[in-house]
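Chemist: Sharing a model that was predicted from the sequence below.
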Amino acid sequence: MSIHARAGNAAYDYIIVGAGSAGCALASRLSREASRRVLLLEAGGWPRNPMIHVPLGFAFLMNHKGLNWCYQTEPEPELDYRKIAWPRGKVVGGSSAINGMVYIRGQREDYAEWAAAGNPGWSFDELLPYFLGSEHNTRGASELHGVGGGLWVSEVGPPLDATDLFIQAGVSIGLPHNTDFNGPTQEGIGRYQVSVRNGLRQTTATHYLKSARGRATSIFAPGRWPSACCSTASASVVSNTGTRAVCSACTQARRWCCAVARSTVRNCWNSRGSAMALCWPRSVSKRTTSCRGWVRTCRIT
């Protein structure tokens with residue numbers, strides 16, 4: 001639904017910036033209550049490209065500038081100063097719409113380090129109930145797997161003889177055979193589970209937004225983005241005025257609109273965009289940002 005058709009310069013309880021893996025889930029959860037009004041902003045459009053939904057299609061999306069931000073690292077001295085591709089999804093569903101669909105949670109040790117660094121609630125054991133609640137694993141429920149959640153997790157199948165031979169070769173040189181990389185340990189060699197259902201990719205938009213789009217409390221605005229971090233807008237405006245947050249967004253047609261969050265603006269940009277947003281200066285009264293040759297000045301307070 002167009003932000004101009006229903007939103008204009010409107011007020012919401014929550015404004016979510018980025019309809020990626022986190023943004024889709026957050027929009028679905030927050031819009032469940034009829035008393036909440038939620039606006040979800042996304043730079044990309046709806047995932048209509050068939051290559052998104054066909055599992056092998058991800059190979060065609062790695063350099064697709066319409067669906068992928070196509071980031072690159074700085075030249076790496078350790079790699080003969082080559083730049084490394086850093087794909088990030090520019091579409092509703094975010095990187096879950098263009099990645100390799102491998103379902104893996106990360107290592108326990110990383111979560112433990114986050115918690116030890118002063119982030120309560122981020123240890124693996126504390127996060128496990130959320131993993132279980134979001135997952136529907138075709139292996140069934142267990143201590144480390146859940147059923148009934150929105151994220152479909154299944155086997156890669158049917159298995160290939162070449163895959164079995166590759167695993168056997170790894171085991172023959174001493175690698176442990178791991179049948180579940182989301183089990184007690186992630187060490188070893190084996191088959192991944194993937195977010196694929198009936199031969200089709202399952203993005204976060206597939207489940208979380210499918211139900212939320214019909215709610216009167218939700219407004220989705222693909223192709224709109226708070227500025228400076230994308231090619232379709234030039235100046236990010238998220239300012240706090242004490243009792244409200246104001247978020248300014250630009251359409252691909254370079255039309256600006258403004259939305260007010262009565263509660264908060266939730267930053268659900270990707271890992272690169274979020275880090276960049278945290279680096280924006282907050283102490284200056286004005287900031288001018290150029291993007292593809294055109295400039296807009298905005299006030300940040």
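Modeler: Sure, I can see it.
Chemist: Contact partners for residue 124?
Modeler: Each residue near residue 124 by C-beta atoms under 8 Å, 6 or more residues apart in numbering is listed here: 108, 111, 112. Placement of C-beta: from N, CA and C, glycine included.
Chemist: which one of those residues is nearest residue 169?
Modeler: Among these, residue 108 lies closest to residue 169 (C-beta to C-beta), at 27.6 Å.
Chemist: quick one: that closest one and residue 185, what's the gap?
Modeler: According to C-beta to C-beta, to the nearest Å, residue 108 stands 9 Å off from residue 185.
Chemist: just residue 67 next, same as before
Modeler: From residue 67 to residue 185 the distance is 35 Å (C-beta to C-beta).
Chemist: Who has more neighbours out of these two?
Modeler: residue 67 (24 against 11; other C-beta atoms under 10 Å).
Chemist: distance of the more buried one from residue 42?
Modeler: Residue 67 is 12 Å from residue 42, by C-beta to C-beta.
Chemist: can you list residues touching both of these two?
Modeler: residue 91.
Chemist: Near the residue nearest to residue 212 when sequence neighbours are not counted, how many residues? Count them for me, please.
Modeler: The shortest distance from residue 212 to any residue other than its chain neighbours is 4.5 Å, reached at residue 28 (C-beta to C-beta, 6 or more residues apart in numbering). Residue 28 has 23 neighbours, counted by other C-beta under 10 Å.
Chemist: contacting residues around residue 28?
Modeler: 150, 207, 208, 209, 211, 212.
Chemist: I'd say the first one and residue 209 touch.
Modeler: No - when contacts are counted by C-beta atoms under 8 Å, residue 150 is not listed as touching residue 209 (10.2 Å).
Chemist: Neighbour count: those two, which is higher?
Modeler: residue 209 (25 against 18).
Chemist: Report the separation between that one and residue 168.
Modeler: From residue 209 over to residue 168 the distance is 42 Å, taken as C-beta to C-beta.
Chemist: Same question for residue 23.
Modeler: From residue 23 to residue 168 the distance is 42 Å (C-beta to C-beta).
Chemist: So if I had to pick from those two, which one is more boxed in?
Modeler: Comparing residue 23 with residue 168 by other C-beta under 10 Å, the one with more neighbours is residue 23, at 27 against 11.
Chemist: Other residues contacting the helix or strand where residue 153 lies?
Modeler: For residue 153, the host element (DSSP states H and E) is strand 151-155. Contact with strand 151-155 is made by 103, 134-139, 145, 191, 193-197, 202, 204, 207, as judged by C-beta under 8 Å, 6+ apart.
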